[in-house]
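> Please find the sequence and the predicted model below.
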Amino acid sequence: MKKGRKINLKVPFITRLEGEGALELSAKGNKIEALHLKIFEPPRLFERFLQGKSYQDVPDLSARICGICPMAYQLTSILAMEQLFDVSLPKPLVDLRKLMNMGEWLQSHSLHIHFLAMPDFYGFDSALQMASSHGEMLKRGMQIQEAGNTLMRLLGGRSVHPVGLQVGGFSALPTPEAWDNARCQVNEAIPSAIGLLKWTSELDLPDFSHDFVSVSLKGDTAYPINGGDIVSSDGLRIRSEHYTDHFKEHQVRHSTAFYSLLDGKDYLVGPLARMNHNFDVLPENIRQVARQLGIEFPSQNMFSSIQARALECLWSLFAAQQILQFECPKGEANVPYDIRSGECSFSTEAPRGLIFHRYEIDDTGKIDACCIIPPTSQNQARIEQDLQYSVSKYGLDKSDIELKLFCEQLIRNYDPCISCSTHFLDFTMHRG
Amino acid sequence: MKQDKLTVAVHKLTSCSGCQLSFINQGPDLLNLLEHVTFTHFIEAGLYDPDKDVDIALVEGSVSTDEDLTRLQKIREHSQSLITIGACATSGGVQALRNLADKEAWKRSVYPHPEFIETLRDSTPVTQHVKVDFELWGCPVTQTQVTHLMQQLSAGVLPKDDAEKVCMACKRQQNVCVMVTQQAPCLGPVVRTGCGALCPSFGKACYGCFGPSEQPNCTSLSNRFAGFGLVPADIAQRFAGIHSQSKPFLQQIRHWDEISVKEVE
């Protein structure tokens, strides 16, 4: 390619993302001049309309931020409030919450791997076109997805916008029949998850490793999901109430999602960040399976995030099995508590990464103010940095179609949940 | 029975993606569905062809920006039948809570640079802008609803609209009534069924995911809530949730918001 050739590439939509957004890339010769991930989400103003609502209505409403990870929004708000109201749950209820979290991870990861990422590896536009040629593989994915949905239904009645969670525990405990059914489904899905992990280990993944900071919760003894300190790979370790001291959001013109930076720098959240910090606390048998397949973390290659997702599926099923092997819990579904006024915050790990909530609550339990930071707005700056680095390395001399496919795949590695913060991904390339 | 496969486009406006998820979250049934239906446009599933003529356009999401509106008009032009799926598309969704408030002040409170944000004043249902052939209510729509819809469409007919009350489903399931036993402000008597009386079966008051039922007597229900001791502002809040812009609910919100409560010295 001749230096300085003027090319304008415009590809309207990047598909297979959860939600819709836009990417603009301007380059002159072999130099990228501007690169923006444009997230355009018609604002829904959640943080504003929650003001004046009762704390009890928050989980039902905040779930509507995202149809794929509603439970993460519900639970993070509930855990923040429980801290303020000084509620501590008995172990069986804590386990049930974790079980539901794992259901959401399974459902979300499996959806991502099979419907959003897999077509890239076989040259299809959509998984819907793979039904006849790769039906068995899709069925394996659906089985894992369904195990996740079953766990969500077990505790929340439905997998999208579930209803069972509340401050103090759950509204109701599962029935023994549903419990046994969930146990069977989880047990049956484990071999499929091993098969899935093996499949990811055999993929010919490109290597675009580079330096970046990972941020996630850190479990000291177990893989973290809804508790623990926030850590970064460059040495930060804080409790979640200090989140806003280190992480700052700012607004830019080209996006309706805020950009979030850690001490002024971009960072990664999500399955790969979690794996990088917590691979060593996975149960020995799970690590063993991974190592036998040649999968090891930490990794600085975003293309290995699909392996992190598959490994988290296997861990989730295994951990769910540990809980489900016991009898269906009996007794009270929730514990009593008193409302207190004040400020509270909490962080959990949504399927796509760290999620932070902060509330100010008055003495009648009404919300005075709140702040919700989803994983995708945290990853936004990182995605742009990754594109800068990886596109240059991949080569701007590649054809527009190759560049487009590469950028799409790169962005999909982050599994951006754009509904949490966005509308369509629209790729524009200006070459000058 | 039609010989050819139905062509279907799935579109998203302002929404959470939860309703379109009912297609790619249904497990092996999806593979059966693909025998009767060809999806031509479905961005989340990887298919992009918004301007192709189709038999059926399924629209998720409310109209909250100029762009939503332009897209919607195009969708209508290119589809034989347009069907809305979910609360956002049928009544404006939770984001329509802003219709009740001072929008600019709200934007300022969330965004430091509200001038970067372009939206229409209100979040509105699809039917306010174009002809809609059928509305599937629910937040989210259920698998059963979607499967039934697709079966009926494959047979060349629209489904029968089921606007029965949650109470009826709840009684058939023999749930204990949360309103009678706990004086919980349950919306079941005025909300359409479809969820399977989910909240009452968890011992919790219905909060109205599926919108108003047939002949909803919201005034009587609200008065009953007042009898339970709910103050007017809280009664208004019961209706100011998922379907705040549906007529019968909006009426109650306006009515109870106007009543001020004075504390007795």
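On my side now, so go ahead. Numbers count the residues shown, from 1 in each chain, chains lettered A, B, ... in the order given.
> Least confident secondary structure element in chain B?
The least trusted helix or strand in chain B, going by mean pLDDT, DSSP states H and E, turns out to be helix B:103-110, with a mean of 67.
> Quick check: what element follows that helix along the chain?
strand B:134-136 (DSSP states H and E).
> Distance from the chain centre to the next helix or strand along the chain from that next one, please.
From strand B:134-136 onward toward the C-terminus, using DSSP H and E, the following helix or strand is helix B:143-154. From the chain centre to the centre of helix B:143-154 is a distance of 17 Å (CA atoms, centre = their mean, to the nearest Å).
> Report the rounded mean pLDDT for helix B:143-154.
Mean per-residue pLDDT for helix B:143-154: 92.
> Show me which residues of it are buried.
By neighbour count on 16 or more other CB atoms under 10 Å in any protein chain shown, the buried set for helix B:143-154 is B:143, B:145-146, B:149-150, B:153-154. In short, each C-beta sits where N, CA and C put it, glycine included.
> That helix packs against which elements?
Packing partners of helix B:143-154 (3 or more CB pairs under 8 Å, 6 or more residues apart in numbering or on different chains; DSSP states H and E): helix B:21-24, helix B:29-33, strand B:79-85, strand B:134-136.
> where does chain B have low pLDDT?
Within chain B, the ranges that satisfy pLDDT under 70 run B:1-3, B:103-104, B:106-107, B:109-118, B:261-265.
> Domain map for it?
Listed by automatic domain parsing, the domain ranges of chain B are B:6-154, B:166-258.
> among the ones you listed, which is nearest A:Val94?
Closest of the domains of chain B to A:Val94 is domain B:166-258, at 19.1 Å (criterion: CB to CB).
> Now find how far off-centre the closest one is within its chain.
What separates the centre of domain B:166-258 from the centre of its chain is 15 Å, taken as CA atoms, centre = their mean.
> and if you look at stretch A:111-118?
Distance of stretch A:111-118 from its chain centroid, counting by CA atoms, centre = their mean, is 13 Å.
> From the centroid of chain B, which residue is nearest?
B:Ala87 (1.1 Å; CA atoms, centre = their mean).
> Make sure it is actually in contact with B:Leu97.
No. Counting by CB atoms under 8 Å, B:Ala87 does not reach B:Leu97; the two are 11.9 Å apart.
> for the chain, what spans make up the helices?
Using chain A here. A:46-49, A:58-62, A:70-84, A:91-111, A:118-122, A:135-156, A:176-201, A:243-246, A:271-278, A:284-292, A:305-324, A:375-394, A:400-412 (DSSP state H).
> Wait, chain B was what I had in mind.
B:21-24, B:29-33, B:66-77, B:87-91, B:103-110, B:143-154, B:166-172, B:178-182, B:198-201, B:218-228, B:232-239, B:247-258.
> deepest of those helices, which one?
helix B:87-91 (a mean of 31; mean count of other CB atoms under 10 Å in any protein chain shown).
> now check that one, is it near chain A?
No. If you take CB under 8 Å from any CB of the partner chain as the test, helix B:87-91 misses chain A, and the best it gets is 8.6 Å.
> With stretch B:19-28 instead?
Yes. For stretch B:19-28, a contact with chain A is found by CB under 8 Å from any CB, at B:19-22, B:24-25, B:27-28.
> Just want the residue of chain B that's nearest chain A.
Residue nearest to chain A within chain B: B:Gly18 (2.3 Å; CB to the nearest CB).
> thinking again about what came up before, got the contact list for the residue nearest to the centre of chain B?
Contacts for B:Ala87 were tallied using CB atoms under 8 Å, 6 or more residues apart in numbering or on different chains; they are B:93-94, B:137-139, B:209-211, B:242-243.
> just A:Ala333 next, same as before
Contacts here follow CB under 8 Å, 6+ apart; on that basis A:Ala333 touches A:93, A:169-173, B:203.
> nearest to A:Tyr267, of the residues you listed?
Relative to A:Tyr267, the closest of those is A:Leu93; by CB to CB it sits at 32.8 Å.
> will you turn the contacts of B:Ala87 into TSV that also has neighbour count and distance to chain A?
As requested, the contacts of B:Ala87 are exported to TSV (neighbours: other CB atoms under 10 Å in any protein chain shown; distance: CB to the nearest CB, whole Å):
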residue	neighbour count	distance to chain A
B:Gly93	29	7
B:Val94	29	5
B:Trp137	27	14
B:Gly138	26	10
B:Cys139	31	6
B:Cys209	29	7
B:Phe210	28	12
B:Gly211	24	14
B:Ile242	30	8
B:His243	30	12
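> Out of these, which comes closest to A:Lys366?
Checking those one by one against A:Lys366 (CB to CB), the nearest turns out to be B:Val94, at 17.7 Å.
> circling back: I'd like to know which of the contacts of A:Ala333 is nearest to A:Asp211.
The closest of these, once distances to A:Asp211 are taken by CB to CB, is A:Leu93, at 41.6 Å.
> Against A:Gln292, how distant is the closest residue to A:Ile144 other than its chain neighbours?
Nearest non-adjacent residue to A:Ile144, counting by CB to CB, 6 or more residues apart in numbering or on different chains: A:Ser110, 4.4 Å away. Look at A:Ser110 and A:Gln292: by CB to CB, to the nearest Å, they are 22 Å apart.
> between these two, which one's more packed in?
Ranked by neighbour count (other CB atoms under 10 Å in any protein chain shown), A:Ser110 and A:Gln292 place A:Ser110 first, with 28 against 11.
> pretty sure that one is touching A:Asn149, no?
No. The criterion here is CB under 8 Å, and A:Ser110 misses it with A:Asn149 at 9.4 Å.
> contacting residues for A:Ala369?
The contact partners of A:Ala369, by CB under 8 Å, 6+ apart, come to A:51, A:359-360.
> Specify the beta-bridge partners of it.
A:Ala369 has these beta-bridge partners by DSSP bridges: A:Glu360.
> What of the one 4 residues further on?
With DSSP bridges as the criterion, the beta-bridge partners of A:Ile373 are A:Phe356.
> check contacts around it.
Neighbouring residues of A:Ile373 by CB under 8 Å, 6+ apart: A:243, A:247, A:249, A:258, A:260, A:355-357.
> If I look at the residue nearest to A:Ile144, what pLDDT would I see?
Note on A:Ser110: pLDDT of 96.
> Neighbour count added to the contacts of A:Ala369, as TSV?
Putting those into TSV (neighbours: other CB atoms under 10 Å in any protein chain shown) gives the following:
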residue	neighbour count
A:Gln51	16
A:Tyr359	22
A:Glu360	17
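> Now tabulate the residues you listed in JSON lines and tack on pLDDT.
Listed next are those as JSON lines, based on pLDDT from 0 to 100:
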{"residue": "A:Gln51", "pLDDT": "91"}
{"residue": "A:Tyr359", "pLDDT": "95"}
{"residue": "A:Glu360", "pLDDT": "96"}
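> returning to what we had before: if we take the contacts of A:Ile373, which one ends up nearest to B:Gln215?
The closest of those, once distances to B:Gln215 are taken by CB to CB, is A:His357, at 39.7 Å.
> residue contacts, that closest one?
A:62, A:73, A:76-77, A:80, A:345-347, A:370-373.
> For B:Glu60, grab the count of nearby residues.
30.
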